[in-house]
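**Student:** Structure for this input, please:
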Amino acid sequence: MKTKEFVNKVQSASDQELLDMLDQEKAGLFNLRQRRAMRQLDNPHAIDIARKNIARILTEIRARELKG
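**Tutor:** Next up, the predicted model:
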């Protein structure tokens with residue numbers, strides 16, 4: 001998924017959906033790190049993308065906290 005699409009998806013998601021997405025991304029990052037440790041990761045840049053997606057979700061959660 002492209003960055004712009006992901007940002008739009010995050011902005012349009014409900015609070016519960018954001019929390020679910022956050023859990024999903026954290027689990028995905030954990031799996032990527034395990035695969036890297038076992039030398040089975042094809043795209044090491046995927047870890048950076050996962051970390052940035054987690055940051056985007058957390059930023060949106062925080063922005064909503066400050067707004068409401």
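**Student:** Apart from its chain neighbours, what residue comes closest to G28?
**Tutor:** Using CB to CB, 6 or more residues apart in numbering and skipping the chain neighbours, the partner closest in space to G28 is A50 (5.6 Å). From N, CA and C alone the C-beta is placed, and that goes for glycine too.
**Student:** Assess the claim that that neighbour and A27 are in contact.
**Tutor:** No. Between A50 and A27 there is no contact under CB atoms under 8 Å: 9.9 Å.
**Student:** Comparing those two, which residue is more hemmed in?
**Tutor:** Taking other CB atoms under 10 Å, A50 and A27 do not tie; A50 has more neighbours (19 against 11).
**Student:** what about the helices in the protein?
**Tutor:** Remark: helices assigned in the chain by DSSP state H are 3-12, 15-37, 45-67.
**Student:** Can you tell me how far the residue nearest to G28 is from I57?
**Tutor:** To I57, A50 is 11 Å away according to CB to CB, to the nearest Å.
**Student:** any shared contact partners between the two?
**Tutor:** Overlap of the contact sets of A50 and I57 (by CB atoms under 8 Å, 6 or more residues apart in numbering) consists of E25.
**Student:** what about the residue nearest to G28, distance to G68?
**Tutor:** 28 Å.
**Student:** Where does pLDDT dip in the protein?
**Tutor:** Within the chain, no stretch falls below the threshold (pLDDT under 70).
**Student:** Let's see that with 80 instead.
**Tutor:** Counting by pLDDT under 80, the low-confidence segments of the chain come to 1.
**Student:** Off-centre distance for stretch 4-12?
**Tutor:** When C-alpha coordinates are averaged (CA atoms, centre = their mean, to the nearest Å), stretch 4-12 and its chain have centres 11 Å apart.
**Student:** got the CA positions of it in CSV?
**Tutor:** Output of stretch 4-12 as CSV, limited to C-alpha atoms (Å, rounded to 0.1, in the frame of the first residue of the first chain):
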residue,chain,number,x,y,z
LYS,A,4,-0.7,8.3,0.7
GLU,A,5,-3.3,5.5,0.7
PHE,A,6,-2.2,4.4,4.1
VAL,A,7,-2.4,8.0,5.5
ASN,A,8,-5.9,8.4,4.1
LYS,A,9,-7.0,5.0,5.5
VAL,A,10,-5.6,6.0,9.0
GLN,A,11,-7.4,9.4,8.9
SER,A,12,-10.7,7.9,7.9
